[in-house]
Structures are given as structure tokens and as C-alpha cells.
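A.B. asks: task: produce atomic coordinates for the following.
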Amino acid sequence: MGDDKKVRMDHIKVMVRSRPLNEQEKASNAQVMVTCDSSSRSVNVATRVGGKTGKKKYHFDRVFGQYATQEEVYSAAVQPIVKDVLQG
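C.D. replies: Here you go, the predicted structure:
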């Protein structure tokens, strides 16, 4: 126990990013099935089972909507890890 090493308690963070409909999906009038709410860090997924529609809500540590940039995702998800690795 006389070890001077710092004990780190790192936690896994789960982040999700949604994408906008692609051109083929738009052309076929596909419905948006996933909606993101960054402020509540939740994702709603539309469901259809046996002719009934509903929604399921999932929560994450961070939620990026369909118009989030690569830079935003990198800054939040990757940059902190790279920093920690480089600092040892």
C-alpha cells in the first residue's frame, strides 16, 4: 500500500450520433424513426409492432443529433481520451 501511484476510476461513456436520412430514403418518403434530444441526452425510437406504433426512449451519456459535426463528436468523444493517453 506504500505505492505512490494514483488510483484512477475511469468510467465508460456511451455516446450516440444519429444521421439524417440519405437521398434514397428521402426519395422513398421514408419516415424518420430516430429522434435525438441532446438536452435530455435521450434518443426516441419509433416502433411498429403488430400494426401498433409506439416509442422507446433510451438515455446516453451524450447525444449528438443528425446535424452534429465531426469536430463536435471528436471534441467530446475522442479528444479527452487522446489527451489522457499522451499524458500517461
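A.B. asks: okay, and the helix or strand of this protein with the least pLDDT?
C.D. replies: Across the helices and strands of the chain, mean pLDDT, DSSP states H and E gives its lowest value to helix 79-87, namely a mean of 87.
A.B. asks: tell me how far that one lies from the chain's centre.
C.D. replies: 20 Å (Cα atoms, centre = their mean, to the nearest Å).
A.B. asks: now stretch 13-21
C.D. replies: Worked out by Cα atoms, centre = their mean, stretch 13-21 lies 4 Å from the chain centre.
A.B. asks: next one: stretch 79-88
C.D. replies: For stretch 79-88, the distance to the chain centre is 21 Å (Cα atoms, centre = their mean).
A.B. asks: check stretch 44-56 too.
C.D. replies: With Cα atoms, centre = their mean, you get 21 Å for stretch 44-56.
A.B. asks: show residues contacting that stretch.
C.D. replies: Residues outside stretch 44-56 that contact it (Cβ atoms under 8 Å, 6 or more residues apart in numbering): Q31, V32, M33, V34, T35, C36, D37, K57, Y58. Just so you know, the C-beta spots here come from the backbone N, C-alpha and C atoms, and that holds for glycine as well.
A.B. asks: can you tell me how far the first one is from T47?
C.D. replies: Meaning Q31. From Q31 over to T47 the distance is 12 Å, taken as Cβ to Cβ, to the nearest Å.
A.B. asks: if you count surrounding residues, which of the two has more?
C.D. replies: T47 (11 against 8; other Cβ atoms under 10 Å).
A.B. asks: which residues does the more buried one bridge with?
C.D. replies: Taking DSSP bridges as the rule, T47 bridges to G54.
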